[in-house]
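# How does the following fold in three dimensions:
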Amino acid sequence: MCFHIKQPETKEEFKRYYHLRWTLLRAPWNQAEGSEIDAMEDKCIHFIAIDESNNVFGVARLQFNSNTEAQIRYMAVEKTYERRGIGRALSNAIETQAKKSCRNKIILDAREPAVGFYKKLGYNVIEKSYLLFDEIQHFRMEKTLI
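Residues are numbered from 1 along each chain as shown. So this is what the prediction gives:
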């Protein structure tokens, strides 16, 4: 399967980006469309995984928390596209951009089922963080960027 990671550029790409974020991260818990968008969107860098037919099947956001720390937010890949290197490619793109922006640490809050994936990428669990929608346990993880 051929795909590449890029930043959404057009209105249509952003529309598909946000819709996929909602579909994967909010809709299964009966959250309204629009709940996937927060007040930080314009200050962040967004990434999509897209194929040669312009299908968007992976999303992620890079947020800058300070002059030294970045954060991965809203990362998700459609179930039928998992285990194809897409999550790793999204993470790599985010880490590369964070380094270019002079951040030396990246954090994230992983849903419990994703902790193993992030550990394989070199992230360490710091602590149990929060419970989303009263049922999705998250864990704070971090990685030092070299």
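
# which residue of this protein sits farthest from its center?
Most distant residue from the mean C-alpha position of the chain: S53, 21.9 Å away (Cα atoms, centre = their mean).

# A helix includes that one, no?
No. Looking at S53 with DSSP: H, G, I helix; E, B strand; the rest coil, it is coil, so not inside a helix.

# Begin at 6 from now on, thanks
In the new count, where the first residue is 6, that last one comes out as S58.

# mind listing what it touches?
For S58, the contact set (Cβ atoms under 8 Å, 6 or more residues apart in numbering) is empty. In this view, the C-beta of every residue, glycine as well, is placed from N, C-alpha and C.

# Can you give me the distance of it to T85?
15 Å (Cβ to Cβ, to the nearest Å).

# and if you look at C107?
From C107 over to T85 the distance is 37 Å, taken as Cβ to Cβ.

# between the two, who's got more neighbours?
Neighbours per residue (other Cβ atoms under 10 Å) separate C107 from T85, with C107 holding more: 11 against 7.

# all strands for the chain, in order.
For the chain, applying DSSP state E gives strands covering 8-11, 50-56, 61-69, 74-82, 110-116, 129-137, 141-149.

# Check the burial of L113 by counting its neighbours.
L113, neighbours per other Cβ under 10 Å, totals 23.

# Can you check what pLDDT the model gives the spatially closest residue to it that is not a sequence neighbour?
With Cβ to Cβ, 6 or more residues apart in numbering as the criterion, L113 has its nearest non-adjacent residue at 4.1 Å, and that residue is I77. In this prediction, I77 carries a pLDDT score of 98.

# Could you do R88 as well?
Model confidence at R88 (pLDDT) stands at 90.

# List the buried residues for the lowest-mean-pLDDT helix or strand in the chain?
Lowest mean confidence among the helices and strands of the chain (mean pLDDT, DSSP states H and E): strand 129-137, at a mean of 91. The neighbour-count check on strand 129-137 (16 or more other Cβ atoms under 10 Å) flags S134 as buried.

# go on, stretch 95-104?
Going by neighbour count (16+ other Cβ under 10 Å), the buried part of stretch 95-104 is 95-96, 98-100, 102-103.
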